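Student: following is a predicted model, sequence given first.
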Amino acid sequence: MESNTSKMLLNEHEIIKTVEGTIYAMDLLWEKDPEKYQALVARMLYFFKEYSDRFHHYKEENVLFPEMRSHPNFTLHEIIDELEEHHKMFREYTREIKEAIENSEFKKSHDILKKYINDLLDHIAVEDDELFSMAENLFSESQYEKLFYQFKDIDLELGEAFKKELEKIPQELRDSL
Ligand SMILES: [Fe+2]
Ligand SMILES: [Fe+2]
């Protein structure tokens, strides 16, 4: 049975994943309406920074990954090293997209945005299909449940109402197309 701990991260993944369709639907929008394209990308980058990075990656980097690493029975440290590297690469992508937008290089920004979402979806698939089941096997039910409360504390600290607002952004982006 799926634990609350995995479920919380899986739910956040589901929300992040919905941005993919919008990115593809925005292809060539900059030729028709560059200002709208710019505004949509800016809003999307805000979502990635605040939701994907601040709410979601933070839980993995500060709770799940270190807890798995310090478990005596955990041996697959390379998978966590790799996932952490991805998080850094995602931050780099968002910087590059922002820079391309500022220079009005929209084809370039969109190419990076597509690469970013592809890599992000692959990363999410590894976590969904491999990492969470590893964690569920590694910890006892009560140990793993404790991580859920640490996740909850993070949400409370960053603001649960703010999180709910951020979760509306993917739909808002779809509606504005
Ligand atoms: Fe991750
Ligand atoms: Fe994740």
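Tutor: Okay, I see it. Ligands and ions are numbered 1, 2, ... in the order given.
Student: go ahead and confirm residue 86 touches residue 119.
Tutor: Yes: taking C-beta atoms under 8 Å as the definition, residue 86 is a contact partner of residue 119 at 6.9 Å. Any C-beta I mention is one placed from the backbone N, CA and C, and that applies to glycine too.
Student: dump the residue contacts of residue 65.
Tutor: If a contact means C-beta atoms under 8 Å, 6 or more residues apart in numbering, then residue 65 has 80, 83-84 as its contacts.
Student: again, 6 Å this time
Tutor: Contact partners of residue 65, counting by C-beta atoms under 6 Å, 6 or more residues apart in numbering, are residue 80.
Student: and it, which helix or strand is it part of?
Tutor: Using DSSP states H and E, residue 65 sits in helix 65-69.
Student: could I get the buried residue list for that helix?
Tutor: 65, 67-68 (16 or more other C-beta atoms under 10 Å).
Student: next, count neighbours for residue 12.
Tutor: Here the count is done by other C-beta atoms under 10 Å, and residue 12 has 21 residues near it.
Student: and it, how close does it get to residue 67?
Tutor: Note on residue 12: its distance to residue 67, by C-beta to C-beta, to the nearest Å, is 17 Å.
Student: please apply the same query to residue 54.
Tutor: As judged by C-beta to C-beta, residue 54 and residue 67 stand 20 Å apart.
Student: what ranges does the protein have for its helices?
Tutor: Using DSSP state H, the helices of the chain run over 4-17, 19-25, 29-32, 34-47, 58-59, 65-69, 77-102, 106-126, 132-138, 141-158, 160-167, 169-175.
Student: show me what the fifth one is packed against.
Tutor: Contacts of helix 58-59 with other secondary structure elements, assessed using 3 or more C-beta pairs under 6 Å, 6 or more residues apart in numbering; DSSP states H and E, are absent: no helix or strand is involved.
Student: who touches that helix?
Tutor: Applying C-beta under 6 Å, 6+ apart, the contact partners of helix 58-59 are 151, 154.
Student: before we move on, what about the fourth one?
Tutor: Taking contacts as C-beta under 6 Å, 6+ apart, the residues outside helix 34-47 that touch it are 29-30, 94, 101, 169.
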